[in-house]
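[1] Prediction below, plus the sequence it came from.
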Amino acid sequence: MTTAKSQKTDPGRFFEHFRIGEVIRHATPRTVTTGDVALYTALYGPRFAVQSSDEFARSIGYERSPVDDLLVFHIVFGKTVPDVSLNAVANLGYAEGRFLRPVFPGDTISTVSEVIGLKENSNRKTGVVYVRSTGYNQRDEAVLQYVRWVMVRKADENAAPQGELVPQLRKAVAAEELGAAVPPIRVDGWNDALSGSPYRWGDYEVGERIDHVDGMTVEEAEQQIATRLYQNTAKVHFDGYAARDTRFGKRLIYGGVVISLARALSFNGLGNAFHVAAINGGRHVAPLFSGDTVYAWSEVLDKAVLPGRTDVGALRLRLVATKNRPCADHPYRNGEEMDPSVILDFDYWVVLPR
Amino acid sequence: MTTAKSQKTDPGRFFEHFRIGEVIRHATPRTVTTGDVALYTALYGPRFAVQSSDEFARSIGYERSPVDDLLVFHIVFGKTVPDVSLNAVANLGYAEGRFLRPVFPGDTISTVSEVIGLKENSNRKTGVVYVRSTGYNQRDEAVLQYVRWVMVRKADENAAPQGELVPQLRKAVAAEELGAAVPPIRVDGWNDALSGSPYRWGDYEVGERIDHVDGMTVEEAEQQIATRLYQNTAKVHFDGYAARDTRFGKRLIYGGVVISLARALSFNGLGNAFHVAAINGGRHVAPLFSGDTVYAWSEVLDKAVLPGRTDVGALRLRLVATKNRPCADHPYRNGEEMDPSVILDFDYWVVLPR
Amino acid sequence: MTTAKSQKTDPGRFFEHFRIGEVIRHATPRTVTTGDVALYTALYGPRFAVQSSDEFARSIGYERSPVDDLLVFHIVFGKTVPDVSLNAVANLGYAEGRFLRPVFPGDTISTVSEVIGLKENSNRKTGVVYVRSTGYNQRDEAVLQYVRWVMVRKADENAAPQGELVPQLRKAVAAEELGAAVPPIRVDGWNDALSGSPYRWGDYEVGERIDHVDGMTVEEAEQQIATRLYQNTAKVHFDGYAARDTRFGKRLIYGGVVISLARALSFNGLGNAFHVAAINGGRHVAPLFSGDTVYAWSEVLDKAVLPGRTDVGALRLRLVATKNRPCADHPYRNGEEMDPSVILDFDYWVVLPR
């Protein structure tokens, strides 16, 4: 009989534990259900018809409503947290995110990450870890792949990093890589009254700026419920007692909540942008806290036809979310600085019917 | 390339935009799932056996548990908000609400509204819009129809309204119109122990007043989660930043939350009233805010047999909800005035086994 | 026509109303769905692979993911509240809890309780009621059985109790009674990377103490949503207005929330402990309130092989939850007293693959 302290608790990896080329199979595969979909609707209020109605989805060529792309993203991402970012100081960015196959209720998602870059910081206390994470369904088909980089603490300042490499990442996913998750769409089955918008792909212009008007205040219970739904264990979102001693003094809203809220708000102005096809980049510019109100606006950065397809086209959008500041005048930069209200700067491709 | 402000954001209709006879097909059809049902249970705590147990429902003649009638109501209603009440000042009333067919998980609901009345207010800043809204399932069968009227702002004080007509609305749905959503019930399959009440239709008397005893405090996160579940976009429930400049200085609890909470509380005393058959009228007498506690009591206003049916009977009930005031003495009016604690005065028909 | 006050509201049983040997069939059978499972995940964040992934469950021998054992417990328990503990002063303990069959989404659960003990307190104002409650599925197969005892108020101090008997309850469920709810497990199908832990039954030692590290702050909306999901009507969790006049002045977090949070936190250190096989005892040592942060640690009290089985083994664990105090040093007793941070002392058996 022993009363020794167990070593079975996982403290998470520190910077010096990561090795370039290492492949991490993350725990807890997850069967996605209509229960998850209902919660996603209740937490953010998305109104895109394809994800909301099996009938609408069937009328344009899906077998049924696919799961919201960002719900898939949060679940794939959540699995990486215990292995990649439990000891993270900051989530720095996303790139090369592509949605590769639709996910339907009943599918089981698991995630594998490869360490593709490491860069120790000059203070030797932290370093940046780059991982390429891939979500798979139960048939081992990739459904989503993206790169993120994150600043991770070292356990031992004197430990040497296992390599140094800053990967070259593309500024944007190319048009020919978009649309893999979208079956052929029967555009004549698309009902603009039911979809909530008369504007198709051809109606948007590069440079167009869209204020999404509505604001959504975030409550602590909501962000905790959301973040647990994704089995994301990052303690900054949950441990209010420990948070008292942090620089903010309170829990942080999970950045994924901001992305999903801004995307849901974007329905007003982008109602036919039914699918997130790719994530080019994303940065959580400032933290969000319980009680803050999120607003959002979008700018059309680019337009693309999809090779070989006449059913749908893609828009590259900048989605900007602010806190406690409506977006009628599209706040973004003040000279070199970001506008202090901006919390999210998200660059992504959406797909619309032509 | 343009940087012009987009005109694609929908600002919602103002009073002068409505036309009598206009038919509005609302966006975002919605497949209702057991996920929605679980959330409905978690948000209000209803305990009616028919909606809670597929086995109980089958034992009396349903194919499975139907979706709670008020969940159907909130979903049908929610779809109308972006088109009808985004610029509303107040939701004034309901009438002639009838539940026409049961809704089961897997059904897809969409809503169509007809403008049946308009009346400009003497201040010329607002007007009352009357709409008859009908929810349909995926077979285009009507599942619910009701009238509501709402005070809507004008965009331009000088604009002329497109007609004036105050519709004649019946005080109550007639007994012969009740029960369309209830299949023939096998009363010998009804187990009073499992349903939670020994009192059948015949045990209630006109004039009987029932205190539902329990209180339920409402949290902001709960009402936001509920209201988004219905894809209701009314900003008074969500935008805490904008709410600071309103007369209340904070977000309002969605009135549908009050109706559902009061109905769930009414289980204690009305456990066999398994179905809401009709809504005769309803008024949100005073606003509810996060942190307030809801209590409720009921009065039996009328009793009716259903033509040609011996399985079930109907009770017409007044359901009164209060805030921060228990209902042992059935608070309602003080002379001409409503008791200041009253927040909801709801007149509806329920169905019970005979 | 009458305006008399109705007697149809159920005030709940008081101590003198219980009779030894009485069998109570509780109301509101409940079909458990994937919606309930999604909410359970969102409310507590459990990460056990068997309950999270249908694929993982099938790979080891289940037909699909079983419903989390504690979700079953809370649902079975919730049904007893209106009949057993509506007038309770305190929930005193649990014993002889055994999970007898797995529950899958689609199963319908109902509960029957037998009064097995009564003991009036010397103040004659309250008494302790002992009930053995059994949850059944739709095939009338027992899925869970447990004893709890609760202190209940008397309606009338002068009323005589209907008997006196303090049942003999075993300190722990015997090893040969464990595992009825676990099908034969194909241990070669168990993937430690996906389950999140390399530690099998054989790796744990009696006396080992495991700090589960993470903390989870509880919000009022979360505990209300959880408690209503179980259709538990205990008013101390819901009625903030009435709570102002209680000794705490506010709502109490439902004790089942604490058990489920501590169990979810225990994944870090006990990732392969996929099944709760039995509840030996449990005590809510101190109340928890909204805003408090829950931490947990476990001690291995015993190890057992299961007669005739080589696939799985059992660990008897003490699961201790604290509030606002991390558990690195395993707080429990200070001499005769419980450490003031401790809120839960839970003694249970879990099953792990060998």
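    The structure has been received and is ready for your questions.

[2] Quick one: name the residues of the stretch 101-250 of chain A near chain B.
    Contact residues, the stretch 101-250 of chain A versus chain B (CB under 8 Å from any CB of the partner chain): A:193-197, A:199, A:203-217, A:219-222, A:225. Backbone N, C-alpha and C define where each C-beta goes, glycine included.

[3] Can you flag the buried ones in those residues?
    Buried members of these, counted by 16 or more other CB atoms under 10 Å in any protein chain shown: A:194-197, A:199, A:204, A:208-217, A:219-222, A:225.

[4] Next, the contact list for A:E22, please.
    Shown in contact with A:E22 (CB atoms under 8 Å, 6 or more residues apart in numbering or on different chains): A:114-115.

[5] Kindly provide the distance from it to chain C.
    13 Å (CB to the nearest CB, to the nearest Å).

[6] List phi and psi for that residue.
    phi -60, psi 140 (degrees, to the nearest 10).

[7] for A:G255, same thing?
    The phi/psi pair for A:G255 (degrees, to the nearest 10) is phi -60, psi -30.

[8] Which residue, other than its chain neighbours, is closest to it?
    A:H284 (4.4 Å; CB to CB, 6 or more residues apart in numbering or on different chains).

[9] which residues sit in contact with the one you found?
    By CB under 8 Å, 6+ apart, A:H284 lies in contact with A:91, A:255, A:258, A:343-344.

[10] A:V351 too?
    A:178-179, A:182, A:273-275, A:277, A:306, A:312-314.

[11] mind checking pLDDT for it?
    With respect to pLDDT, A:V351 has a value of 98.

[12] circling back to that earlier point, just the residues of the stretch 101-250 of chain A next to chain B: which are in strands?
    Among those, DSSP state E puts A:209-211, A:216-217 in strands.

[13] For the residue of the stretch 151-300 of chain A found nearest chain B, which non-adjacent residue is closest in space?
    Relative to chain B, the nearest point of the stretch 151-300 of chain A is A:G196 (3.1 Å; CB to the nearest CB). The spatially closest residue to A:G196, leaving aside those adjacent along the chain, is B:A27, at 3.1 Å (CB to CB, 6+ apart).

[14] what do you get for A:S6?
    A:S6 sits nearest to C:I210 (CB to CB, 6+ apart), 4.1 Å away.

[15] Show me what the one you found is bridged to.
    C:S298 (DSSP bridges).

[16] any residues touching the helix or strand bottoming out on mean pLDDT in chain A, and which ones?
    Ranked by mean pLDDT, DSSP states H and E, the weakest helix or strand in chain A is strand A:333-334, scoring a mean of 91. Defining contact as CB under 8 Å, 6+ apart, one finds that strand A:333-334 is touched by A:D339.

[17] Would you verify that A:N280 is located in a strand?
    Yes - assessed by DSSP: H, G, I helix; E, B strand; the rest coil, A:N280 belongs to a strand.

[18] Who are the contact partners of it?
    Contacts of A:N280 by CB under 8 Å, 6+ apart are A:95-97, A:171-173, A:316, A:347-349.

[19] rerun that using 7 Å as the cut-off
    Residues counted as contacts of A:N280 (CB atoms under 7 Å, 6 or more residues apart in numbering or on different chains) are A:95, A:171-173, A:316, A:347-349.

[20] pretty sure the residue of the stretch 151-300 of chain A closest to chain B is in contact with B:R25, am I right?
    No - using CB atoms under 7 Å, A:G196 is not in contact with B:R25, being 10.3 Å away.

[21] how many neighbours does the nearest residue to A:R19 once chain neighbours are set aside have?
    The shortest distance from A:R19 to any non-neighbouring residue, by CB to CB, 6+ apart, is to A:Q162 (4.2 Å). When neighbours are counted by other CB atoms under 10 Å in any protein chain shown, A:Q162 registers 15.

[22] In helices, which of the contacts of A:H284 appear?
    A:255, A:258 (DSSP state H).

[23] which two in the contacts of A:H284 are spaced the farthest apart?
    Greatest spatial distance in the contacts of A:H284: A:N91 and A:I343, 12.9 Å, computed using CB to CB.

[24] who's more crowded, the two?
    The neighbour comparison of A:N91 against A:I343 (other CB under 10 Å) goes to A:I343, with 26 against 21.

[25] Make sure that one is actually in contact with A:A286.
    Yes - using CB under 7 Å, A:I343 makes contact with A:A286 at a distance of 4.8 Å.

[26] Give the buried residues for stretch A:107-118.
    By neighbour count on 16+ other CB under 10 Å, the buried set for stretch A:107-118 is A:107-113, A:115-118.

[27] if we can go back for a sec, want to try a markdown table for the contacts of A:V351, with distance to A:A155 as columns?
    A markdown table is the format used below for the contacts of A:V351 (distance: CB to CB, whole Å):
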| residue | distance to A:A155 |
| --- | --- |
| A:L178 | 41 |
| A:G179 | 43 |
| A:V182 | 44 |
| A:A273 | 44 |
| A:F274 | 45 |
| A:H275 | 41 |
| A:A277 | 39 |
| A:L306 | 46 |
| A:V312 | 48 |
| A:G313 | 49 |
| A:A314 | 43 |
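
[28] got the residues of the stretch 251-354 of chain A near chain B?
    A:268-269, A:291, A:293, A:324 (CB under 7 Å from any CB of the partner chain).

[29] Show me which of the residues you listed is closest to C:A42.
    Nearest to C:A42 among these: A:G291, at 20.8 Å, using CB to CB.

[30] Tell me, how many residues neighbour the closest one?
    16.

[31] now it: how far from chain C?
    Per CB to the nearest CB, A:G291 is found 13 Å from chain C.

[32] how many other residues sit next to the residue nearest to A:R325 when sequence neighbours are not counted?
    Spatial nearest neighbour of A:R325, chain neighbours left out: A:S341 (3.7 Å); criterion: CB to CB, 6+ apart. Using other CB under 10 Å, A:S341 has 18 neighbouring residues.

[33] Do I have it right that A:S341 meets A:P331?
    Yes - A:S341 is within contact range of A:P331, at 5.5 Å (criterion: CB under 7 Å).

[34] Now list whatever residues contact both of these two.
    Common neighbours of A:S341 and A:P331, using CB under 7 Å, 6+ apart, are A:322, A:325.

[35] what sits opposite A:V150 in the beta ladder?
    The partner residues for A:V150, given DSSP bridges, come to A:N91, A:V129.

[36] residues near it, how many?
    Neighbours around A:V150, by other CB under 10 Å: 21.

[37] for A:G21, same thing?
    Number of residues near A:G21 (other CB under 10 Å) recorded here: 10.

[38] A:V300 belongs to a helix?
    No - counting by three-state DSSP, A:V300 is not found in a helix; it is strand.

[39] Now it. Nearest residue, chain neighbours left out?
    A:E208 (4.6 Å).
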